[in-house]
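Undergrad: Quick one, fold the following:
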Amino acid sequence: MLVLLKTIREAIANWWSEFTLQTKLLAVATLVVSLVMSGLTFWAVNTIQQDARLNDTRFGRDLGLLLAANVAPLIADHNLTEVAQFSQRFYSSTSSVRYMLYADESGEIFFGIPFWDAQVENSLTIERRIQLPEDYPGDGEKPMVRQHMTPDGAVTDVFVPLIVNQKYLGVLAIGINPNQTAVISTNFTRDVTIAVFITIWVMVILAGVINALTITKPIKELLVGVKQIASGNFKQRIDLPLGGELGELILSFNDMAERLESYDEQNIEEITAEKAKLETLVSTIADGAVLIDNNMQVILVNPTAERIFGWEAAEVVGSNVLHHLPSAVQMEITRPLYEMAAGECESAEFRICLNQPTKRTIRILLTTVLNLQRESIKGIAITVQDITREVELNEAKSQFISNVSHELRTPLFNIKTYIETLHDYGEELGLEERQEFLETVNHETDRLTRLVNDVLDLSKLESGRSYSFDGVDLAQAIEQTLRTYQLNAKDKGVELIQEVAPNLPLVLGNYDLLVQVFGNLIGNALKFTTAGGKVAIRAYQLDPKLNSSGTLREHNQSSQVRIEISDTGIGIATEDQHSIFERFFRVENRVHTLEGTGLGLSIVRNIIDRHRSKVHLVSEVGVGTTFWFDLTVFDEEKPLKLVDLTIETPKIATA
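TA: Residues are numbered from 1 along each chain as shown. So this is what the prediction gives:
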């Protein structure tokens, strides 16, 4: 056993020694960060649990006082029937109450919900007679609250004395269930933290093993080979059976060694020919590369750099690089280039926005090229990377996060304000005021839910996932959508009109996505149409001989069906029509105060794009709006392309 442990320890030590200092520091940093994050997460979980218990205690005390205030007069009047009915209604209206028990001044239980032996014994371990805590104040006026653990979590027990006209009538015991949302959130956070911690270290260990087995050893072999080549031993070869980029690198090294061996026997003309091959290799790299000497003269430039700087028609090799660089680049790198040529610094990095020859953002890396002994500077290598796409993605992400945060802030603020008011002044408010507050909170919650669901829908559509397309019966999809909005239209006094051509052929599409398009467009039309207006949806087949633009259809083009959704609403101004399909753009910000997420039309555009079509609109302010798009008729003779279905992102249920 000791020999085995010693062997394992030596293997681990050898394996650890294979890592570079950078890898070791990375592993230590990963450990520290993961431990700190895990500690913070568990601290947050404990804090959440403490807050949940405190909230349960406050809620139970307030609930007990409220219930006792309602039933005490009934008990004093010996109206136990009304007590039972009131308690049953109260118990049935909420899932927060686990039990309700009424006992007289002697502790004898005369009514309870639920009151069967198994349920009651699991809650308070009693049998028809309530067992009060030892520190219960008796006929005091303040309730007593305690908590005890059950298999379903901590249950809050509230004991409220029933006192009418300073007469002690007994005690009311209420059991409050734990907040399931907080319990689930806490457990989920803890599980995710453990899973993330384990995943991080599994990945670190796997990366270390892969690094040691597939990267470190070949690199060491390459290092030894390079040193042999540098010392003049051109017979050095590396024999490692590797594939991929490292394999190509080793093959390139062996090829280089063979060529150097032959160069040693060849004349200067052959060396010049190999230099041309090296230039060809440099010209194939993805980043722009410019090599200059200490006098700023261009020695080598690849096509990528020529394209970025617009040098295709210019002869820059042999001339001063500063004379050809764009002015923005020239202003940034002139001084650092001269400092590097003088040996004052070894590298520099810049991020510059160009307007000419095209608008783009580039990253420029300057690196000195030293001689073999690394004593003198032979030139400067300029690497140019086009990061325009990366910058655009970062800006789009920041804008999206900003918009979502802005849209979430208003409903969350309203919900918090009304909840705090109900919590602090609930007993002072009238029934109608409390009902109004709760309706407002419910409305804001629905608004928040719609926003999150729209964001999830848009995220799924823009994630590149695949959908299955088949023949879709538009009449059925339209009928389903109109049934959904029939009551809404009736309440608003808007007439829904359906004009679907008879014997309409099936179209190629995804049924659920098309129903979502119809729902968004008809929902918008109803929202922006006043009472007495009309909303119409039409579907008809275009002339098989003509395409959507009215010109003759080519022989191999499929026939199409057009869908139109029209309304007699407020209309869309011309200046807003080009932005109407952008995320979070809402016309109501300018013309009225109706609420919306501003994502519906963006989702519509993405879905129609998936169907290889375009959505169009015609609108006039005060007259109405018409959205229309064309779908290809389904051809049963053509085979359908199989697509992979990914797991649907779950929506948040609307209350």
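Undergrad: Packing partners of the helix or strand where Glu332 lies?
TA: Using DSSP states H and E, Glu332 sits in helix 327-341. Packing contacts for helix 327-341, counted by 3 or more C-beta pairs under 8 Å, 6 or more residues apart in numbering; DSSP states H and E, involve strand 347-354, strand 360-370, strand 377-386. Every C-beta, even on glycine, is put in place using the N, C-alpha and C of the backbone.
Undergrad: average model confidence for the shortest one?
TA: Spelled out, it's strand 347-354. Average pLDDT, strand 347-354: 87.
Undergrad: start the count at 49, not 1, going forward
TA: All right, first residue 49 from here; so that's strand 395-402.
Undergrad: Given it, what are its sheet partners and their directions?
TA: Taking DSSP bridges as the criterion, strand 395-402 pairs within the sheet with strand 408-418 (antiparallel).
Undergrad: Just the CA trace of the strand it pairs with, in CSV.
TA: What follows is strand 408-418 as a C-alpha-only set of coordinates in CSV (Å, rounded to 0.1, in the frame of the first residue of the first chain):
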residue,chain,number,x,y,z
ARG,A,408,-14.1,49.4,-39.2
THR,A,409,-12.4,48.9,-35.8
ILE,A,410,-8.9,47.4,-35.7
ARG,A,411,-6.4,46.3,-33.1
ILE,A,412,-2.7,47.0,-33.8
LEU,A,413,0.1,45.0,-32.1
LEU,A,414,3.6,46.3,-32.3
THR,A,415,6.5,43.9,-31.5
THR,A,416,10.2,44.3,-31.9
VAL,A,417,12.2,41.7,-34.0
LEU,A,418,15.5,41.0,-32.4
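Undergrad: so for the helix or strand where Leu299 lies, what's the average pLDDT?
TA: According to DSSP H and E, Leu299 maps onto helix 292-311. The pLDDT scores in helix 292-311 average 74.
Undergrad: I'd say Pro191 and Leu210 touch.
TA: No: using C-beta atoms under 8 Å, Pro191 is not in contact with Leu210; the gap is 10.6 Å.
Undergrad: joint contacts of these two?
TA: Taking C-beta atoms under 8 Å, 6 or more residues apart in numbering as the contact rule, Pro191 and Leu210 both touch Ala116.
Undergrad: confidence score at Ala92?
TA: For Ala92, pLDDT reads 72.
Undergrad: ugh, typo on my part, it should be Glu527
TA: 90.
Undergrad: Tell me which residues touch it, please.
TA: Glu527 neighbours (C-beta under 8 Å, 6+ apart): Gln546.
Undergrad: Which strand residues bridge the residue nearest to Ser395 when sequence neighbours are not counted?
TA: Nearest residue to Ser395, sequence neighbours excluded (C-beta to C-beta, 6 or more residues apart in numbering): Thr415, at 5.0 Å. As for beta bridges, Thr415 partners with Ser395, Ala429 under DSSP bridges.
Undergrad: now Thr415: how far from Gln345?
TA: 17 Å (C-beta to C-beta, to the nearest Å).
Undergrad: SS state for Gln546?
TA: strand (DSSP: H, G, I helix; E, B strand; the rest coil).
Undergrad: pretty sure it contacts Ile585?
TA: Yes: Gln546 is within contact range of Ile585, at 5.9 Å (criterion: C-beta under 8 Å).
Undergrad: Between these two, which contacts overlap?
TA: Joint contacts of Gln546 and Ile585 (C-beta under 8 Å, 6+ apart) are Ile526, Leu530.
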